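1. Pasting a predicted model and its sequence here:
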Amino acid sequence: MTGEPVPAGDSPGPAAAPRLRASHADRDRVVEVLRVAAGDGRLTAEELDERLEAALSARTHGELAALTEDLPAPAGQEAKDLVRISQRFGDAARTGRWVVPRRMEIQLTAGNVKLDFTEAVITRDTVHVDIDLGIGGDLLLVIRPGIVVDADYLKVTHGDVKIRHVTDPHTPLVLRVVLGGRIRGGDVVARLPYRTFSQWLHRQPRPYRELPG
């Protein structure tokens, strides 16, 4: 696999340097941890209200970290540092409530890999995806508003890269997907989930979850 690109400004979330400024997405993640803790009986109603107020007004990662340092991470939501997918003549997928890791390596020949981020558990600001696509290897990224795909680090010999973003100035950045590596005969596509014919006919919204806030 090729080396991992590390753009300036990469921040892994509330566990980052305590003096770094917090984003809306960082606050939203801490709010969710607090609500889960209250539902488990770890926080009283008064404590929850107090910490929610502090989370929504927090300015730095350090202030956010202090609100959850005495709480366990939600079960099943610990993000791995690295996930590898090596596929040949077949399909692989990550869909539903899968936990987005810090980094992924995808090696693919004559097959398909689908990463559906619409309902994924996102605990970091950035995921680096290092890919090696051979002939007939296609990578599909299903995204939602607030998720940005950066393909500037890809080396393309044969194949196509199609990134279809949704631009909305009122939607906070939730996740940046940084693609690196090489394409030697496959395609990369990033798009919103498709609607069914019935949903399109009745003008129903696309089937991604609305972001909090």
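-> Perfect, thanks for sending it.
2. pLDDT weak spots in this structure?
-> By pLDDT under 70, the weakly predicted segments of the chain are 1-18, 73-77, 166-169, 195-213.
3. Tell me where it has helices.
-> Across the chain, reading from the start of the chain, the helices by DSSP state H fall at 24-39, 45-57, 61-68, 197-201.
4. Now residue 44: closest residue in space, sequence neighbours ignored.
-> residue 38 (7.8 Å; C-beta to C-beta, 6 or more residues apart in numbering). All C-beta spots, glycine's among them, are computed from the backbone N, C-alpha and C.
5. count of residues packed around residue 40?
-> Residues lying near residue 40 (other C-beta atoms under 10 Å) number 12.
6. in stretch 133-149, what counts as buried?
-> Of the residues in stretch 133-149, 133-134, 136-139, 141-149 count as buried by neighbour count, 16 or more other C-beta atoms under 10 Å.
7. where do the strands sit along this structure?
-> 82-88, 91-94, 103-109, 111-116, 126-133, 137-142, 147-163, 175-191 (DSSP state E).
8. which of the ones you listed is buried the deepest?
-> For the strands of the chain, the largest average neighbour count (mean count of other C-beta atoms under 10 Å) is found in strand 126-133, namely a mean of 23.
9. Could you give the separation of that strand from the chain centroid?
-> Relative to its parent chain, strand 126-133 has a centroid offset of 12 Å by C-alpha atoms, centre = their mean, to the nearest Å.
10. Each with direction, which strands does it pair with?
-> On the basis of DSSP bridges, the sheet neighbours of strand 126-133 come out as strand 103-109 (parallel), strand 175-191 (parallel).
11. Relative to residue 64, which of those strands is closest?
-> Closest to residue 64 of the strands paired with strand 126-133 is strand 175-191 (C-beta to C-beta; 17.3 Å).
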